[in-house]
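**Student:** output the structure for:
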Amino acid sequence: MVKPLVPHPFRALCATLMVSGAALLGTAQTAEAEELTVYSAMAKGHFAELMEAFQALEPDLQINQLIDSNGPIMARLLAEQENPRADIIFGASVPGLVMLEERGMLEQYAPAGLDQIKDRFRDNRSDPPHWVGTDAWASAICFNEAEGERLGVEAPTSWEDLLRPEYAGMITMPNPNSSATGLLAIVGWAEIFGEEGAWDYMDALHENVTQYVHSGSKPCRMAASGEAVIGISYPAPGVKAINDGVPLSVIIPAEGVGSEVEGVAIIAGARNPDAARRLADFATSFEAHQIHNSYYALVGREGVTNDVPNYPAGEEEALVDVDFYWVAENRDRILEEWQERYGRKDEPR
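**Tutor:** Here you go, the predicted structure:
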């Protein structure tokens, strides 16, 4: 039995609703069956693998799932603030979770194994925390070695290198209004150079950028295909291209990199808080982090590592400290100013 959720009044949601494994096997659910409603902005394959593992531990639990991108998920949660329908968010950006926290929409909870979670992956302002991070990805530079050799330019090693005049017209970057990957690059520059220094840096970078695209992975894919020489992106699409035989380099810039963290949080006023806490416990478990680590090199739990061939070394050490509360507070202002300054080079939608 599938229970459709009422669509968000302002935006159609691409949602997937699923019931428990027992229901999928045709077993009748009783009126007393325990339920859990989960909202997620996680990649569908990643989320499905996690839910399969959790359902194996909770075969009698009816799980209703709604999956969409981060913006629509946050919009829906805000629209439902007075009458929450979700019990838990499993896989959403931490700046979005901070926004909900500051509106009093998250329950404080210390999941089992919290002492094994790295400091940068948890809410350190509250005890117990309002949210706990599970995985992360960082900024990186993708460089097409064959195109670089043809054009007589060397691979950059730092953010400052991207300002060289010989890179004019060779760089693509995600528009941060469309892509969290674009925003995390800007947040990293603000930490490295200071906010005013970051704007100065982006003014200079803009001269070398040929286009701002609407996908976080696309700049790296464009570099891999030869449509661009350099793409500001994140490592995963570049590593995949290298492992597919493309002459590409994935570079962690010397100054450091910003990062985006996904996390889990229980909704205040959840209808099924006990089940939500059990899922939060699972989300921070060693088993769940092994699954996280099959999708992301950076995960929240200590001692979970999975070496990916050709993944750039030193990514975690290069992470700059990101103040997610500052990001949540200043996000709209930064995006508006960014669009005003640089939007004329946007990729057509």
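
**Student:** so where's the protein uncertain?
**Tutor:** In the predicted model, the chain carries pLDDT under 70 at residues 1-32.

**Student:** could you point out the longest strand of it?
**Tutor:** For the chain, the strand with the greatest residue count under DSSP state E is strand 259-267.

**Student:** which strands or helices does that one pack on?
**Tutor:** In terms of contacts (3 or more C-beta pairs under 8 Å, 6 or more residues apart in numbering; DSSP states H and E), strand 259-267 is packed against strand 88-93, helix 94-102, strand 106-107, strand 132-138, helix 180-193, helix 273-283. Just so you know, the C-beta spots here come from the backbone N, C-alpha and C atoms, and that holds for glycine as well.

**Student:** identify the residues contacting stretch 234-246?
**Tutor:** If you take C-beta atoms under 8 Å, 6 or more residues apart in numbering as the criterion, stretch 234-246 is touched by 137-140, 142, 144, 181, 216-217, 220-221, 223-224, 231, 248-250, 252, 296-297, 308-312, 315.

**Student:** now with 7 Å, please.
**Tutor:** Contacts with stretch 234-246, where a contact means C-beta atoms under 7 Å, 6 or more residues apart in numbering, come from 137-140, 142, 181, 216-217, 220-221, 224, 248, 250, 308-312, 315.

**Student:** show me where the stretch 201-349 of the chain has helices.
**Tutor:** Taking DSSP state H, counting those that start in this stretch to define them, one finds helices in the stretch 201-349 of the chain at 218-225, 235-243, 273-283, 286-295, 315-318, 324-342.

**Student:** out of the ones you listed, nearest to residue 50?
**Tutor:** For these, proximity to residue 50 was assessed by C-beta to C-beta; helix 286-295 is nearest, at 5.5 Å.

**Student:** and the closest one, what does it pack against?
**Tutor:** Contact partners of helix 286-295 among helices and strands, from 3 or more C-beta pairs under 7 Å, 6 or more residues apart in numbering; DSSP states H and E: helix 44-57, strand 132-138, strand 298-299.

**Student:** repeat that for 10 Å
**Tutor:** Packed against helix 286-295, as judged by 3 or more C-beta pairs under 10 Å, 6 or more residues apart in numbering; DSSP states H and E, are the following elements: helix 44-57, strand 132-138, helix 273-283, strand 298-299.

**Student:** keeping just the C-alphas, turn the next helix-or-strand element following the second one into PDB.
**Tutor:** Next along the chain after strand 132-138, taking DSSP states H and E as the criterion, comes strand 140-144. In PDB, the C-alpha atoms belonging to strand 140-144 read as follows (Å, rounded to 0.1, in the frame of the first residue of the first chain):
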ATOM      1  CA  ALA A 140      38.400  20.300  -6.400                       C
ATOM      2  CA  ILE A 141      39.800  21.400  -9.800                       C
ATOM      3  CA  CYS A 142      39.500  19.000 -12.800                       C
ATOM      4  CA  PHE A 143      42.200  19.600 -15.500                       C
ATOM      5  CA  ASN A 144      42.300  18.000 -19.000                       C
END
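
**Student:** just how off-centre is strand 140-144 within its chain?
**Tutor:** 19 Å (C-alpha atoms, centre = their mean, to the nearest Å).

**Student:** and it, what other elements does it pack with?
**Tutor:** Contact analysis of strand 140-144 by 3+ C-beta pairs under 10 Å, 6+ apart lists helix 180-193, helix 218-225, strand 230-233, helix 235-243, strand 248-251 as its packing neighbours.

**Student:** what inclination does the first one have with respect to strand 259-267?
**Tutor:** Between helix 180-193 and strand 259-267, the angle formed by their directions is 110 degrees, by axes from the mean of the first three to the mean of the last three C-alpha atoms, to 10 degrees.

**Student:** what residues sit buried inside helix 180-193?
**Tutor:** Across helix 180-193, burial judged by 16 or more other C-beta atoms under 10 Å covers 180-193.

**Student:** out of the contacts of stretch 234-246, which end up buried?
**Tutor:** By 16+ other C-beta under 10 Å, the contacts of stretch 234-246 give 137-140, 142, 181, 216-217, 220-221, 224, 248, 250, 308, 311-312, 315 as buried.

**Student:** show me the domain layout of this protein.
**Tutor:** What the record gives for the chain is the domain set 21-134+260-299, 140-257+319-345, from automatic domain parsing.
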